[in-house]
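Trainee: Provided below for reference: sequence and predicted model.
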Amino acid sequence: MPNLEEKKQVVAELQEKLENAALVVFTDYRGLTVEEMTALRNKLRSPGVEFKVVKNTMMEFALKNTGHEDVIEHLAGPNAVVFSSDDPVGPAKSVYEFIKEYKKLEVKMGILEGQLVGADKIKALADLPPREVLVAQVLGTMQAPITSLVYVLNANITGLVRALDQIREQKQAS
């Protein structure tokens, strides 16, 4: 059994992870086999992402210390937590891909950029298109007015050229 100093160290580590995380997802992992848990950990294996089974009492202390007391009421039962310090979308996608495949993991709720969010918001985050697609959509939206302006200006110039050409033809005819 860990002594008090070891428990304080675990709470301090959890507190640091909570403070530095862009996304924290609390899940109920009941029913997962060791192989399935390993598969989930492999899906979540990327820089800045950690999947950890935590004791509720340790997590409660860490949540109190970081000002997230409102999360404590959702911690009933066994909890495994996804901590993502960089990208909030990738880990959310990975969790929901795992849920589609195995249908055993349950997302309880999460903390996104310091705000308490429900499982539905994390699902919406997971449904976002990849970053590259979003950037392309924004650039396309920004480019559309410029393209329209070019067409309008081109139409005016084309009209002027046609009018001048008709005047030239009339002068040649007479």
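Mentor: Okay, I see it. Numbers count the residues shown, from 1 in each chain.

Trainee: OK, contacts around Val25?
Mentor: For Val25, the contact set (Cβ atoms under 8 Å, 6 or more residues apart in numbering) comprises Val81, Val82, Ser84, Pro91, Ala92, Val95, Val107, Gly110, Ile122. (Each C-beta comes from the backbone N, C-alpha and C, glycine too.)

Trainee: out of those residues, flag the one nearest to Glu60.
Mentor: Val81 (12.4 Å; Cβ to Cβ).

Trainee: the closest residue to Lys43 other than its chain neighbours is in what secondary structure piece?
Mentor: Distances taken as Cβ to Cβ, 6 or more residues apart in numbering place Ser94 nearest to Lys43, at 4.4 Å, with adjacent residues excluded. Element membership for Ser94, per DSSP states H and E: helix 89-102.

Trainee: show residues contacting that helix.
Mentor: 23, 25, 27, 32, 36, 39-40, 43-44, 46, 49, 82, 84, 105-107, 122-123, 125-128, 130-131.

Trainee: between helix 89-102 and the very next helix or strand once past it, find me the angle.
Mentor: Using DSSP H and E, the helix or strand that follows helix 89-102 in sequence is strand 106-112. Comparing the axes of strand 106-112 and helix 89-102 via axes from the mean of the first three to the mean of the last three Cα atoms, to 10 degrees yields an angle of 180 degrees.

Trainee: fine by me, we can end here.
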